[in-house]
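In: Predicted model, plus sequence, below.
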Amino acid sequence: MQKTLILAGLAILMIGLLWPWLGKLPLGRLPGDIVIDKPGFKMFFPFTSMLLVSGLVSLVMWLLRK
């Protein structure tokens, strides 16, 4: 449990430090991400982005277990 918490903390730290560059990635604006934008209402469904992130996290977790 300690190792997991330390790794999670380091990952959050790295994301925080790299945030200016991560904001320029096209995540959230990929084909398949649905945006409903009406006056006074905005709904966002990032289906493709979440599939990509889920696959990447699954791959990293698989590699860490080997």
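Out: Looks like it arrived, so ask away. Numbers count the residues shown, from 1 in each chain.

In: rest of the way, CA atoms for contacts and neighbours
Out: OK.

In: what are the phi and psi angles of the residue in the chain sticking out farthest from the centre?
Out: Each residue of the chain has a distance to the centre, and by C-alpha atoms, centre = their mean the biggest one is for residue 39: 27.7 Å. Backbone geometry at residue 39, expressed as degrees, to the nearest 10, gives phi -60, psi 120.

In: do residue 20 as well
Out: With angles defined as degrees, to the nearest 10, residue 20 sits at phi -60, psi -30.

In: again, but for residue 44
Out: Dihedral pair for residue 44: phi -130, psi 130, per degrees, to the nearest 10.

In: Now do the contacts for it.
Out: 33, 34, 35, 36 (C-alpha atoms under 8 Å, 6 or more residues apart in numbering).

In: What sits closest to residue 33 if chain neighbours are left out?
Out: residue 46 (4.4 Å; C-alpha to C-alpha, 6 or more residues apart in numbering).

In: and that neighbour, how many residues sit next to it?
Out: By other C-alpha atoms under 10 Å, the residues close to residue 46 number 17.

In: What strand or helix carries residue 36?
Out: Counting by DSSP states H and E, the element that carries residue 36 is strand 34-38.
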